[in-house]
Every structure is written in structure tokens, then in C-alpha cells.
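Asks: next comes the sequence, and after it the predicted model I'd like to discuss.
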Amino acid sequence: MKPAITYEIIEVSLLAGKIMLQSGAETYRVEDTMSRISAAYGISTSHCYATPTALIFSMEGENPTKLVRISERSTDLNKVTLVNGISRQISAGELSAKEALTSLKEIELADHTYPIWLQIFSAFISSGCFLIMFQGQWNDFLLACLAGGLGFSALIYLHKLLEMKFFAEFLSSFIIGVVAILTVRTGIGLEVDKIIIGSVMPLVPGLLITNAVRDLIAGHLMAGVAKGAEAFLTAFAIGIGIAATFIIF
């Protein structure tokens with residue numbers, strides 16, 4: 001494999017880190033992948049620093065330091081796996097920097113997410129299953145599915161409509177609370193608390209909480225605290241959305 005120019009090495013490392021960070025990877029994993037890529041191309045003096053909102057990559061000497069802003073984050077573990085696969089190929093000497101850059105750009109542009117209807121259907125079914133898991137009654141199964149499906153649908157639509165994720169999560173949980181309370185008061189449902197608990201579970205930021213804890217354990221305190229704060233805001237939005245329904249109704 002021909003030695004790659006410094007600029008291409010920087011671009012490959014930054015793009016790999018950017019894709020992973022946007023797709024829900026842990027901060028320490030992002031930094032480790034970027035360091036391994038640059039080391040595989042013969043640069044052992046690189047330094048990378050990742051936070052949930054930015055990536056910084058530099059090399060010793062007169063080479064430029066580059067920063068990439070991360071404005072959008074989602075959960076796409078398939079992209080994380082694909083980038084890890086490319087990183088292993090680079091470490092094995094199977095890809096040049098130019099080839100790796102082309103492959104990473106293809107991954108960045110690819111849409112690996114499930115169709116919206118399938119995401120909503122998954123939230124629909126999982127809401128009912130969570131209700132049963134929390135020892136709810138089978139009579140409330142379909143009601144929890146309905147509330148969870150409507151809440152998740154609202155989250156997807158409102159997240160595209162509103163710039164602030166907090167308000168989308170608040171309104172989605174409010175819709176769930178309204179549906180749960182109305183179904184119980186009309187005599188259709190039995191346990192409003194179990195319906196609400198099962199229905200809000202698809203909105204809970206489980207991956208974000210897990211990554212925050214793992215980053216803190218790995219010593220990435222700033223990234224761990226930032227992700228923990230983001231998870232707290234999501235949980236807070238869900239909580240006050242449900243609380244608002246009980247206050248109003």
C-alpha cells in the first residue's frame with residue numbers, strides 16, 4: 001500500500017470519527033478508532049479529542065489542526081459497525097487512505113435506518129410488551145400499544161417540525177398521558193399508571209444513558225457529563241409531559 005499524504009489521513013480519521021459520533025458511538029471508542037487509523041498510516045503522534053458536539057484532530061509539527069462540529073446525533077449502530085470494519089481493514093493494510101475516504105463517504109451518505117412505519121410499529125408492539133413486563137393486565141395491552149404508537153409518531157413528526165428536541169419529547173409524552181387517562185376514565189382501560197409506563201418506554205434514552213456511564217467509567221468526564229445532561233433533559237421532558245396531563249385532567 002502506498003503511503004498516504006497527511007491531508008488524506010486527517011480527512012479519513014475525522015470522517016470516521018464524525019460518522020461514529022453522529023451514529024451513537026461512545027466517545028472513547030471514537031477517539032480509539034481515530035488513533036488506530038492514523039497509527040496504521042504511520043503517524044503515531046496524532047492527538048484526537050471528542051465531545052458530543054465536536055471533534056478535534058491534530059498532528060505534531062506544522063500539520064494543520066482540524067475541528068468538526070457535530071450538530072445532529074441519532075442512533076445507527078449499523079454505521080458504527082461499518083466504520084469499525086473499515087478501521088480493521090486499514091489496520092491490516094488492505095485500504096489506502098483514498099480508498100478508505102471513498103468508502104467512508106459512501107457510509108455517511110447511506111441511509112441505514114429502518115422505515116418510519118416500521119419504527120412506529122416497533123414502538124407500538126414494544127409499548128404493550130413493556131406493560132406486561134411491568135405486570136400490567138392483558139386488557140390494557142392494546143391500549144398501551146395505541147398510546148405508545150401515537151406518542152412515538154408524534155415524536156418523529158414534531159422532531160422534524162420543531163428545532164428543539166425537548167419540546168418534541170414533552171408534547172409526545174403529553175399525548176401519551178392524555179390517551180392513557182382518557183381510556184381509563186371512559187372505562188376502556190384499567191390501570192393508567194401501567195399504560196403510561198409501558199407507553200413512554202420507547203421514548204426513554206436508554207442508549208444515551210448507557211454511553212454516558214461508559215464514558216464516565218472510561219475517564220471521559222466531560223463527554224460523560226454532557227451525555228448524562230442530555231439524557232436528563234429527555235427524562236425531564238417526559239416526566240413533565242406526563243405530569244402536565246394529570247394536572248390538566
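Replies: On my side now, so go ahead. Since we're looking at a predicted model, the values are computed, not measured.
Asks: so how many other residues sit close to residue 58?
Replies: 16 (other C-beta atoms under 10 Å). To be clear about C-beta, it is placed using only N, CA and C from the backbone, and glycine gets the same treatment.
Asks: OK, contacts around it?
Replies: 46, 47, 48, 64, 65, 66 (C-beta atoms under 8 Å, 6 or more residues apart in numbering).
Asks: buried among those? Make that a PyMOL selection.
Replies: In PyMOL, this line selects whichever of the contacts of residue 58 come out buried by 16 or more other C-beta atoms under 10 Å:
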select buried, resi 46+48
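Asks: least confident pick among the contacts of residue 58?
Replies: Confidence by pLDDT is poorest for residue 64 among the contacts of residue 58, given 73.
Asks: so what's the residue nearest to it when sequence neighbours are not counted up against?
Replies: In this structure, residue 64 finds its nearest non-sequential neighbour in residue 10, 7.4 Å apart by C-beta to C-beta, 6 or more residues apart in numbering. Contact analysis of residue 10 by C-beta under 8 Å, 6+ apart lists 57, 59, 63, 64, 66.
Asks: then stretch 51-63 to CSV, C-alphas only?
Replies: What follows is stretch 51-63 as a C-alpha-only set of coordinates in CSV (Å, rounded to 0.1, in the frame of the first residue of the first chain):
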residue,chain,number,x,y,z
THR,A,51,-17.1,15.6,22.7
PRO,A,52,-20.8,15.0,21.8
THR,A,53,-20.7,18.2,19.8
ALA,A,54,-17.2,18.5,18.3
LEU,A,55,-14.2,16.6,17.1
ILE,A,56,-10.6,17.9,17.2
PHE,A,57,-7.7,16.1,15.4
SER,A,58,-4.1,17.3,15.3
MET,A,59,-0.6,16.0,14.5
GLU,A,60,2.7,17.2,15.8
GLY,A,61,4.7,19.5,13.6
GLU,A,62,3.4,22.0,11.0
ASN,A,63,0.4,19.9,10.0
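Asks: by residue count, which helix of this structure is the longest?
Replies: Longest helix of the chain, by residue count under DSSP state H: helix 221-248.
Asks: per-domain residue ranges of the protein.
Replies: Listed by automatic domain parsing, the domain ranges of the chain are 6-109, 116-248.
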